[in-house]
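A.B. asks: Can you look at this prediction? I've put the sequence above it.
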Amino acid sequence: MNISNNSHPSMLTVEQALLQIKTTVPIIEINEKVALRQSLGRILAEDITSTINVPPHRNSAMDGYAVKSQDLPTEGNQTLKIIGSSFAGQPFVGQVNSGECVRIMTGAVLPIDTDTVIMQEQVTRENDQITFKAGQQAKQHVRNIGEDLAVGQVVLKRDHLLLPPELGLLASLGVPEVLVRRKLRVAFFSTGDELRSIGDPLQEGEIYDSNRYTLYGMLARLDVNIIDMGVIRDDPAAIRQALLTAADCADVILTSGGVSVGEADYIKEILSDLGQVHFWKIAIKPGKPLAFGKINHTTFFGLPGNPVAVMVTFYQFVQPALHQMMGYKTIPNIWKVRSLTQIKKKTGRTEFLRGILSQQTDGEWSVQPTKQQGSHILRSMSEGNCFMILRTEQGNVAVGDWVEVQPFAGLM
Ligand code: AMP
Ligand code: MG
């Protein structure tokens, strides 16, 4: 595989980095039984075969009258006698003869000798008699046994993502628990001598560790088991110990900071020693330095320190990797809209600007970048509602040009 970018041989394009990640990360195939409600958002690890018919009985799709199709008139009117009623959960018991009908509600069992329902809006009722016109279809408004799910039918295949409709579907089969893939375990820590935790007073030169909270939020939305290891100082021995501890208990380790080439950036050398690591310079802004590799069986991502770079690299590289490991099959939600502003852009790298999508008076959606775009301006992620993706070959953008956007809704 050619993994270099033509203009900068040592740099990967975003697409090359993503491809390499996707061909490397494993799918975690360890399963567990969970109660139906707990299976929401999980990947099914078994085929589900229906043991009952849904619906389990022939029933009415309308409120009206159950009749025999032989009694439908070919022309003119027909009058039938109402001999009883069938409500949902309270079936009519008895025989229906020619010239007779049964009052019936939606979902109620169709009396055995009837096969057709006349909508109540289409009859005139007088005492215990209804009259309706010709033009009704035999067997209309009847839901048949097993029409939704039939006995013996494979209703859901393994690897299916369980969402609200699947929960309902499984409930309609009376399934109390299902086998699903176990949750991923993701450990993370921040590195940096300048970082303090919330609650500690800040000394000169110190900042609060925000990345751990952003990472917590992004991971919590993916419903993984989170192992928060706190702040680790820029001390090779401490970082080494933290990585070994994390590799022991997690499927994935994420770190932030310490992956550049500064003097206190130790992640690179420690990792090369502990495991297999690809140190990448990616032709991306923000988020150029990214470490990717593994320690024993644990996948490792060393994210940059700058808060926006953390979020960009998480959503572009880590989240797709975690999805793959969990067994999710995702479709990227990227579309094109017109730019409201001109944008300066160098070719040769992909830029992820934070954009604001808005609907114009003509109904079209357009986008403009947030005012400040520095990789330390976390506010831009909050003010924006999408990434604007300006690809490698893209140069300056003029007003009205088409640009790619990836909405935060659904991504975050
Ligand atoms: P580094 O990659 O360690 O050189 O960090 C790059 C920039 O990101 C520096 O300005 C750091 O202070 C900042 N930074 C690193 N880690 C964090 C963090 N956990 N929270 C907020 N800012 C951070
Ligand atoms: Mg640092």
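C.D. replies: Perfect, I can see it now. Residues are numbered from 1 along each chain as shown. Ligands and ions are numbered 1, 2, ... in the order given.
A.B. asks: by contact count, what packs against the worst-scoring helix or strand of the chain on mean pLDDT?
C.D. replies: Across the helices and strands of the chain, the lowest-confidence element by mean pLDDT, DSSP states H and E is strand 276-282, at a mean of 86. Using 3 or more C-beta pairs under 8 Å, 6 or more residues apart in numbering; DSSP states H and E, the elements in contact with strand 276-282 are strand 11-12, helix 14-24, helix 267-274, strand 289-295. For glycine as for every other residue, the C-beta is placed from the backbone atoms N, C-alpha and C.
A.B. asks: Pull up the pairing partners for that strand, direction included.
C.D. replies: Its sheet considered, strand 276-282 pairs with strand 11-12 (parallel), strand 289-295 (antiparallel) by DSSP bridges.
A.B. asks: Just give me the neighbour total for G410.
C.D. replies: Each residue near G410 was counted by other C-beta atoms under 10 Å, and the total is 8.
A.B. asks: And P320, by the same measure?
C.D. replies: Applying other C-beta under 10 Å, we find 17 residues neighbouring P320.
A.B. asks: Same check on A398?
C.D. replies: 10.
A.B. asks: quick one: it and Q342 touch, right?
C.D. replies: Yes: counting by C-beta atoms under 8 Å, Q342 is a contact partner of A398 at 5.6 Å.
A.B. asks: can you list the residues that contact stretch 351-371?
C.D. replies: Stretch 351-371 has contacts (C-beta atoms under 8 Å, 6 or more residues apart in numbering) with 284-287, 308, 312, 316, 337-341, 343, 345, 373, 380-381, 383-390, 403, 405, 407.
A.B. asks: returning to that earlier point: which one, of the strands paired with strand 276-282, ends up nearest to ligand 1?
C.D. replies: Among these, strand 289-295 comes nearest to ligand 1, with 7.4 Å by C-beta to the nearest ligand atom.
A.B. asks: Format the CA atom coordinates belonging to that closest one as CSV.
C.D. replies: C-alpha atoms of strand 289-295 as CSV (Å, rounded to 0.1, in the frame of the first residue of the first chain):
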residue,chain,number,x,y,z
PRO,A,289,0.6,14.7,14.7
LEU,A,290,-1.2,11.5,15.4
ALA,A,291,0.2,8.3,16.9
PHE,A,292,-1.5,5.0,16.0
GLY,A,293,-0.5,1.5,16.9
LYS,A,294,-0.9,-1.1,19.6
ILE,A,295,0.5,-2.3,22.9
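A.B. asks: what angle do that strand and helix 267-274 make?
C.D. replies: 20 degrees (axes from the mean of the first three to the mean of the last three C-alpha atoms, to 10 degrees).
A.B. asks: next one: whichever helix or strand comes after strand 289-295 to chain centre, how far?
C.D. replies: Note on strand 289-295: by DSSP states H and E, the next helix or strand toward the C-terminus is strand 298-303. In terms of C-alpha atoms, centre = their mean, to the nearest Å, the centre of strand 298-303 is found 22 Å from the chain centre.
A.B. asks: Tell me the strands beside strand 298-303, with direction?
C.D. replies: strand 252-256 (parallel), strand 289-295 (antiparallel).
A.B. asks: between those strands, which gets nearest to P176?
C.D. replies: With C-beta to C-beta, the closest approach to P176 among those belongs to strand 252-256: 31.3 Å.
A.B. asks: quick check, that closest one touching ligand 1?
C.D. replies: Yes: under the criterion of C-beta under 6 Å from any ligand atom, ligand 1 is reached by strand 252-256 at S256.
A.B. asks: now do stretch 272-289
C.D. replies: No: if you take C-beta under 6 Å from any ligand atom as the test, stretch 272-289 misses ligand 1, and the best it gets is 7.4 Å.
A.B. asks: Buried residues of that stretch, list them for me.
C.D. replies: Counting neighbours by 16 or more other C-beta atoms under 10 Å, one finds that the buried residues in stretch 272-289 are 274-275, 277-280, 282-289.
A.B. asks: can you count the residues close to the closest residue to Q324 other than its chain neighbours?
C.D. replies: Spatial nearest neighbour of Q324, excluding adjacent residues (C-beta to C-beta, 6 or more residues apart in numbering): V25 at 5.5 Å. By the criterion of other C-beta under 10 Å, V25 has 20 neighbours.
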